[in-house]
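[1] Starting from these lines, generate the structure:
(one chain, ligands or ions: 1)
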Amino acid sequence: MVKAPIKVVVRTRPTANFAYKNIQINESSNYVGINIPKNAESGYVNHQQENWGFHFDKVLQNVSQEVMFDVCAKDIVLSVLEGYSGTIMCYGQTGAGKTFTTTGTTTDYKYRGLIPRCISQLFQEVGQRYEQQITVGVSYLEIYNELLTDLLAGSVAPNDQTQQLAIQEDTNGRVHVKNQIIRQCKTEEEAQAMIFEGETNRTISEHKLNKNSSRSHCVFTIHLEIRSRVESTEKVIISKLHLVDLAGSERTKKTGSEGRTLLEAQFINKSLSFLEQVVVALSEKQRDHIPYRQSKLTNLLKDSIGGNSKTIMIANIWPEADHLEETISTLKFATRMMKVANEATIQLKLDPTVLLKKYEKEIKELKQELAMHDTLANRGRITYDQYTPEQQYEQQVLAKKFLDGEIDDIEFESLRQVKELFFQFRNLYRNLAKDIENKNYIETKRDQQDTIQKKKTDQASKQQEAVGSEENKNGFGLGKARKDARPQANIENLVNIPKDEFPEQKPQENVIEKPGSPEKSKLDNKIVNVDKKVAYQDFKDKEGKEYNDSIVKNIEALKEKKEEIKQVTNLCNDIKNEIENLKLKLDKKQANKNQEEILQRIIDEEEYEIMQQLKEKKNYYKQYAQQVKDLKSTIIIIDQNIIHTKNVLLNKFEEWFQKKYGISVNDIENPLINQPSEENITDNKSEDIDPDALAYIKAKKKVTQLQKARKMEKFKN
Ligand SMILES: Nc1ncnc2c1ncn2[C@@H]1O[C@H](COP(=O)(O)OP(=O)(O)OP(=O)(O)O)[C@@H](O)[C@H]1O
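    Got it, this is the predicted structure:
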């Protein structure tokens with residue numbers, strides 16, 4: 001942002017009748033002095049001012065058009081190409097050389113004015129700025145009797161009401177002219193042609209002082225749109241260069257205007273006096289209201305005077321004795337103008353095409369993200385802190401359930417959770433791999449022991465057979481009788497206590513029992529007489545009742561909670577679908593918008609209604625999702641309670657069994673009866689199956705999975 005006062009350059013019109021007695025010009029000190037001797041008719045006591053002295057940024061006398069351009073326009077053109085808007089305006093009495101300065105003459109090339117010279121320089125610069133794509137547009141307006149006329153709109157009558165254009169301000173306070181024609185010019189020639197087109201359409205009124213003088217204000221504007229060719233951005237720099245040829249500032253009485261011309265002159269003076277008021281207001285620091293809206297001229301030049309433009313005013317004076325008053329008036333106004341500070345800024349706009357592409361990309365990415373977050377229970381609470389040990393355990397339980405097939409789906413709440421779950425899966429995989437290794441080791445050991453044991457048993461049988469034949473010979477036949485006495489049904493009906501749930505049996509490597517020895521007989525008798533299932537049921541009804549009841553109660557509660565979570569999940573899904581539908585509706589509405597509506601973020605009633613509904617549904621979704629979350633935690637807790645109580649019950653049963661029968665439950669090797677197949681076990685049915693059987697199945701399933709994993713690992717290696 002550059003804050004700088006408006007620059008003022010004084011240009012004198014060359015004349016053979018220069019008022020040397022009255023006007024003193026010092027170009028090196030940029031000074032203009034005026035002396036008007038006191039009127040003798042005013043008497044001895046005369047307060048009439050005699051001398052005026054003015055200092056300006058530059059005072060130019062008898063300079064060429066080229067020098068004029070170099071001093072006043074060259075830098076402004078360059079800064080317009082940088083993105084700053086600029087204004088060069090010519091002010092002065094009729095005939096002082098405003099049009100000559102602004103447009104110049106068509107008779108001689110060297111007399112061309114600022115507008116054609118600016119166009120030339122601009123196109124030269126544009127041709128050299130390869131890294132930028134610069135679009136040049138031209139507009140030409142005339143303000144005549146407070147009416148705006150577009151000089152590029154064909155030939156129009158000066159006061160044709162239908163040609164009225166409107167001055168508007170956008171949301172950034174930038175001034176625009178509605179319905180104004182901006183001709184895009186690709187070449188310098190095209191742009192130069194616009195000057196002539198405008199000139200032919202310019203309204204010229206007959207005037208007493210100068211036939212050619214204009215009674216209107218003319219604003220020629222070069223519009224630039226600068227895009228970078230190097231980086232892809234939706235930002236477009238927009239800048240304007242106004243070249244303003246103001247109407248003559250002379251007073252009405254002097255022109256001797258009559259009728260229609262008088263009306264014109266009043267309008268001119270009015271709009272110039274409004275311009276003066278704006279300048280006065282801006283030059284006084286304490287003034288906060290600037291009366292821009294009083295006239296079309298001040299409204300149109302709002303950016304140029306006290307706004308965000310780099311502005312130069314050229315005060316054209318006609319240094320002849322006849323025009324001394326007008327000269328003083330022009331120089332006074334010019335001095336005021338020097339007190340006005342402008343704050344030049346680079347103006348940007350967003351290119352709708354690039355912006356649309358960017359939005360499309362953004363929408364795509366957001367949709368992906370949304371899909372990820374769709375199940376997010378509480379969107380506002382995404383955090384990226386580390387999971388606490390409790391949370392990690394929760395995720396571990398979830399991962400286990402998923403691996404065990406207890407749940408088929410995981411509702412992710414955040415990316416953080418996805419990450420954590422991945423860690424947990426890895427941990428589980430590592431642990432399982434270790435387990436498999438250990439189990440394989442134990443199994444190999446067992447096989448070895450079994451082989452040794454088998455060999456020994458075979459030997460013992462042979463010996464026993466030998467003894468038996470001896471006994472038969474003696475008429476006892478005990479061996480066979482004992483064998484038959486073992487009740488087969490009882491063996492099969494032994495209680496279905498999973499072996500895995502009891503402590504691992506230590507391999508009894510050194511126990512070599514002689515068949516028929518007293519210890520072995522005692523053990524065999526015990527096994528034969530104990531029905532595990534009956535014993536376990538008996539235990540559960542009496543000593544283990546408290547634990548068994550707790551398990552039953554928990555299983556009931558689990559059932560209830562599972563039903564509840566099912567219902568709330570359904571509700572959640574319904575709301576999710578409703579949200580999806582509303583979003584689709586909203587997308588559709590937004591797709592039907594035009595670019596202006598998108599840029600101005602215009603929302604109609606229906607869209608607002610959809611947004612409200614969406615907000616409401618999202619709140620409901622949050623509540624239900626929270627309920628699901630709470631229920632899940634409850635279910636996990638109940639599940640853990642069941643497992644824990646079951647372990648306690650089984651341990652107590654083992655103690656009780658040992659006490660009662662003198663052996664461990666594990667000493668009885670028997671298959672489970674009515675063993676449900678793994679395939680038949682589903683979450684829904686699991687509550688109807690004996691929990692112990694279920695635990696066994698799960699354990700078995702786990703081992704199978706471990707073995708599968710092991711195989712897979714071997715396969716991969
Ligand atoms: N610096 C100059 N060198 C040569 N001729 C000039 C110069 N300034 C003005 N003139 C001549 O003076 C005449 C009046 O100038 P011009 O039409 O530019 O005045 P103006 O201020 O624009 O008047 P109006 O307010 O009527 O538009 C023209 O013939 C123009 O060629």
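
[2] Contact partners for the closest residue to the ligand within the stretch 451-600 of the chain?
    Distance from the ligand to each residue of the stretch 451-600 of the chain (Cβ to the nearest ligand atom) is smallest for Glu596, at 38.8 Å. (C-beta placed from N, C-alpha, C; glycine too.) Residues in contact with Glu596 (Cβ atoms under 8 Å, 6 or more residues apart in numbering) are Ile602.

[3] Likewise for Gln347?
    So Gln347 contacts 83, 85, 172, 174, 237-239, 308 (Cβ under 8 Å, 6+ apart).

[4] ok, Phe333 - contacts?
    Contacts of Phe333 (Cβ under 8 Å, 6+ apart): 91, 249, 276, 279, 315.

[5] Would you list the buried entries among the residues you listed?
    Neighbour-count burial (16 or more other Cβ atoms under 10 Å) is assigned, among these, to 91, 249, 276, 279, 315.

[6] can you tell me which of the residues you listed lies nearest to Asp667?
    Val279 (111.9 Å; Cβ to Cβ).

[7] Not counting sequence-adjacent ones, nearest residue to the closest one?
    In space, and not counting its chain neighbours, Val279 is closest to Arg336: 5.1 Å by Cβ to Cβ, 6 or more residues apart in numbering.

[8] The one you found reaches Gln277, doesn't it?
    No - using Cβ atoms under 8 Å as the test, Arg336 is too far from Gln277 to be in contact (10.6 Å).

[9] about what we covered before: state the helix or strand in which the residue of the stretch 451-600 of the chain closest to the ligand lies.
    Using DSSP states H and E, Glu596 maps to helix 595-599.

[10] if we can go back for a sec, how far away is the residue of the stretch 451-600 of the chain closest to the ligand from Lys361?
    As judged by Cβ to Cβ, to the nearest Å, Glu596 and Lys361 stand 21 Å apart.

[11] returning to what we had before: could you report the pLDDT at the residue of the stretch 451-600 of the chain closest to the ligand?
    On pLDDT, Glu596 comes in at 71.

[12] what do you get for Ile697?
    Ile697 carries a pLDDT value of 61.

[13] And for Lys240?
    Predicted confidence (pLDDT) for Lys240: 93.

[14] which strand residues sit across from it in the sheet?
    Beta-bridge pairing of Lys240 under DSSP bridges involves His223.

[15] And for Glu142?
    Counting by DSSP bridges, Glu142 forms beta bridges with Thr149, Cys218.

[16] isn't it right next to Glu199, touching?
    No - counting by Cβ under 8 Å, Glu142 stays clear of Glu199, with 10.5 Å between them.

[17] which residues sit in contact with the residue nearest in space to the middle of the chain?
    In the chain, the centroid-proximal residue (Cα atoms, centre = their mean) is Glu362; its distance is 7.0 Å. Neighbouring residues of Glu362 by Cβ under 8 Å, 6+ apart: there are none.

[18] in the stretch 51-200 of the chain, what residue is nearest the ligand?
    Closest point on the stretch 51-200 of the chain to the ligand, by Cβ to the nearest ligand atom, is Gly97, at 2.7 Å.

[19] these two touch, right, that residue and Trp318?
    Yes - if you go by Cβ under 8 Å, Gly97 and Trp318 touch, sitting 7.4 Å apart.

[20] Comparing these two, which residue is more hemmed in?
    Higher neighbour count among Gly97 and Trp318: Trp318, with 24 against 20, using other Cβ atoms under 10 Å.

[21] and the gap between that one and Asp408?
    The value you get for Trp318 to Asp408, if Cβ to Cβ is used, is 95 Å.

[22] Look at the closest residue to Glu543 other than its chain neighbours and say how many residues are nearby.
    Among residues not flanking Glu543 along the chain, Trp656 sits closest, at 5.7 Å (Cβ to Cβ, 6+ apart). Residues lying near Trp656 (other Cβ under 10 Å) number 18.

[23] Now Trp656: which helix or strand?
    Applying DSSP H and E, one finds Trp656 within helix 605-661.

[24] tell me the mean pLDDT for the helix or strand hosting Asn581?
    Here Asn581, judged by DSSP H and E, is contained in helix 545-591. Across helix 545-591, pLDDT averages out at 89.

[25] which strands and helices sit next to it?
    In terms of contacts (3 or more Cβ pairs under 8 Å, 6 or more residues apart in numbering; DSSP states H and E), helix 545-591 is packed against helix 605-661.

[26] The helix it packs on: how far from the chain's middle?
    Relative to its chain's centre, helix 605-661 lies at 35 Å (Cα atoms, centre = their mean, to the nearest Å).

[27] how about the nearest residue in space to Lys339 that is not next to it in sequence, what does it touch?
    Leaving aside its chain neighbours, Lys339 sits nearest to Ser283 (3.6 Å; criterion: Cβ to Cβ, 6+ apart). By Cβ under 8 Å, 6+ apart, the residues touching Ser283 are 336-337, 339-340.

[28] repeat that with 6 Å
    336, 339-340 (Cβ atoms under 6 Å, 6 or more residues apart in numbering).

[29] Can you add pLDDT, distance to Asp667 and secondary structure and give the buried ones among the contacts of Phe333 back as a markdown table?
    A markdown table is the format used below for these (pLDDT from 0 to 100; distance: Cβ to Cβ, whole Å; DSSP: H, G, I helix; E, B strand; the rest coil):
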| residue | pLDDT | distance to Asp667 | secondary structure |
| --- | --- | --- | --- |
| Tyr91 | 94 | 117 | strand |
| Ser249 | 81 | 122 | coil |
| Glu276 | 83 | 116 | helix |
| Val279 | 83 | 112 | helix |
| Ala315 | 96 | 119 | strand |
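
[30] quick one on the thing from earlier: so which of the contacts of Gln347 are in strands?
    Taking DSSP state E as the definition of strands, the contacts of Gln347 contribute 85, 237-239.

[31] Closest to the ligand out of these?
    Ser85 (24.0 Å).

[32] can you list the domain ranges for the protein.
    Per automatic domain parsing, the domain ranges recorded for the chain read 2-39+48-350, 363-554+644-716.

[33] what residues does the stretch 301-450 of the chain put near the ligand?
    Contacts of the stretch 301-450 of the chain with the ligand, taken as Cβ under 6 Å from any ligand atom, map to Asn316.

[34] Quick check, the residue in the stretch 301-450 of the chain closest to the ligand?
    Asn316 (5.6 Å).

[35] Give me the distance between that residue and Asp604.
    53 Å.

[36] out of these two, which sits in the more crowded spot?
    Asn316 (29 against 11).

[37] any idea whether the more buried one is helix, strand or coil?
    Under DSSP: H, G, I helix; E, B strand; the rest coil, Asn316 falls in the strand class.

[38] and the residue lying closest to it once chain neighbours are set aside, what does it touch?
    Excluding the flanking residues, the one nearest Asn316 by Cβ to Cβ, 6+ apart is Gly92, at 3.3 Å. Listed by Cβ under 6 Å, 6+ apart, the contact set of Gly92 reads 98, 315-316, 330.
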